[in-house]
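In: one predicted model, sequence on top.
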Amino acid sequence: MTSEASMVSAPSTDPVTAALDEVHARHVGARGGEIPTYIPTLSLVDPDQFGLALASMNGNLYRSGDAEAPFSIQSVSKPFVFALALSELGLDEVLHNVGAEPSGEAFNAISLEEGTGRPDNPMVNAGAIVTSSLVPGDPAEKFDRIRRCLSAFAGRALEMDEEAFASELETGDRNRALAYLMRGAGSLRSSAEAAVEVYFRQCSLVVTACDLAVMAATLAAGGTNPRTGERVVEPRVAEHVLTVMATCGMYDYAGEWLLRVGLPAKSGVSGCLAAASPAQFGIGAFSPRLDVRGNSVRGGAALQDLSERFELHFVHDTGLSAPVVFRSEDLSATDPFTPVTPGSREPVVHLRRLQGEIEFAAAETALDDLTIETGIREVGTWLLLDLSHVTRVNGVSAQLLDARLAGLRASGVTVFVTDALARHLLRSADAEFTSAEEAWAAVAGGQA
Ligand code: DON
């Protein structure tokens, strides 16, 4: 699709595409920035191309403008090769060779840690040359693994742009200089020439904004490609990569980017950008004109716009949600439909129904309703905790709730959990049932 076609794209009926179209329309007329010339093939592109794509956790792909236009991935390869190195070697071994500190310097800066010669982070050129050299195998095997890994992230087989590769091979002396410096300092394992060649190859893999959206969505989905279902990297690796993207992905603009946009992101000199919102979506953007830091002007502006309009900033307070405890009743153990009167001595079932996503704040709220102090009677009573409407319990919440259930059991309360989905979200109950009827039958059995 050409940039002209994108400028006259028909209004979309799909709300997500319509939102992307709106942001696209707002920025498509901007002409600021320059096309890079230091890699000659990059200066041959149509500078007016502008594409946006969003891949969701359900595997849907939404696009606007030149979202299918091909370009070389350049530095957006870096987080994904970092993911591969982490998967192969583990965090400690990788960090032994490359740091995780924002450099506050340009992507091609010649600056290495004093003493060790270690590059600042895997998102700047020096760090990326080291990370790709860490991938196991001889140079051909390294690139083969890199190509296969990035293809799995994208969900399709990626090919190289041979011209972009040849162009960078011919003109990439600054990267060569960096590689020789690191070799001299002892921080690069392979030969300088072999290392830069693999790195140049990875930078010349051809992608589209749609591919970058899917690749970022794979990180956002904890390492599983939401379109193909393939587990590409472990969740922990995806977390590490997104973290380094957040702190270092936009080079000497990383701090202001996080302030204004608040999404982990990575840019490339071909004018591309990949950004992710964990557990929500991945976004790919492509617009070749760059600002002085080498970041796409329209891509960055579009992302900032999207982030503000849709409240995507990672520290944004999501506001009020429905109460975590949506039913709290004390019922007669002999009659599930009769509330017990305060002060009555008949056996009691304390029914508590939780709903939604139980993270720390919700768990801490629920704890208030699950104490002896606030109404659960000790000895010979039942707590019936219904989790059927709970969508998720995170680690800290499960531990807090389990600890409280264990305490109640020690006080003589029999704890039953019901969960229609039988997910075993909490472990400290006396028993788990898949329906209220089964739980009440067990209460009746317990009284007999
Ligand atoms: O090494 C280089 O200079 C290019 N192959 C990639 C640099 C890059 O994409 C920087 N990003 N804005």
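Out: It's in.
In: which ones are touching residue 222?
Out: Neighbour list for residue 222: 235, 238, 239, 279 [criterion: Cβ atoms under 8 Å, 6 or more residues apart in numbering]. No exception for glycine: its C-beta is placed from N, CA and C like everyone else's.
In: now with 6 Å, please.
Out: Contacts for residue 222 (Cβ atoms under 6 Å, 6 or more residues apart in numbering) come out as 235, 238.
In: phi, psi for it please.
Out: Per-residue torsions, residue 222: phi 70, psi 20 (degrees, to the nearest 10).
In: all helices of the stretch 51-200 of the chain, in order?
Out: Remark: helices assigned in the stretch 51-200 of the chain by DSSP state H, counting those that start in this stretch are 77-89, 91-97, 125-134, 139-154, 162-171, 173-185, 192-203.
In: which of these sits most buried?
Out: Highest mean neighbour count among the helices of the stretch 51-200 of the chain (mean count of other Cβ atoms under 10 Å): helix 125-134, with a mean of 27.
In: can you pull the residues of the stretch 101-250 of the chain lying near the ligand?
Out: 107, 108, 125, 168, 175, 203 (Cβ under 6 Å from any ligand atom).
In: and those residues as TSV, adding pLDDT?
Out: Output for those, formatted as TSV (pLDDT from 0 to 100):
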residue	pLDDT
107	91
108	89
125	97
168	96
175	97
203	98
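In: turn those into a markdown table, columns for distance to residue 196.
Out: Shown next, in a markdown table, are those (distance: Cβ to Cβ, whole Å):
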| residue | distance to residue 196 |
| --- | --- |
| 107 | 15 |
| 108 | 12 |
| 125 | 10 |
| 168 | 9 |
| 175 | 5 |
| 203 | 10 |
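In: determine which two of those are furthest apart.
Out: Pairwise distances across these (Cβ to Cβ) peak at 13.8 Å, for the pair 107 and 168.
In: now residue 313: how far from the ligand?
Out: 22 Å (Cβ to the nearest ligand atom, to the nearest Å).
In: hmm, I was thinking of residue 76
Out: 7 Å.
In: what are the C-alpha coordinates of the host helix or strand of residue 285, in CSV please?
Out: Assignment of secondary structure by DSSP states H and E places residue 285 within strand 281-286. C-alpha atoms of strand 281-286 as CSV (Å, rounded to 0.1, in the frame of the first residue of the first chain):
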residue,chain,number,x,y,z
PHE,A,281,-1.2,-5.5,23.1
GLY,A,282,1.8,-4.9,20.9
ILE,A,283,2.1,-1.9,18.5
GLY,A,284,4.2,-1.5,15.4
ALA,A,285,4.8,1.8,13.7
PHE,A,286,6.7,2.8,10.6
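In: need the residues that contact that strand.
Out: Applying Cβ under 6 Å, 6+ apart, the set of residues contacting strand 281-286 from outside is 51-56, 71, 209, 212-213, 216-217, 220, 271-276, 299, 302.
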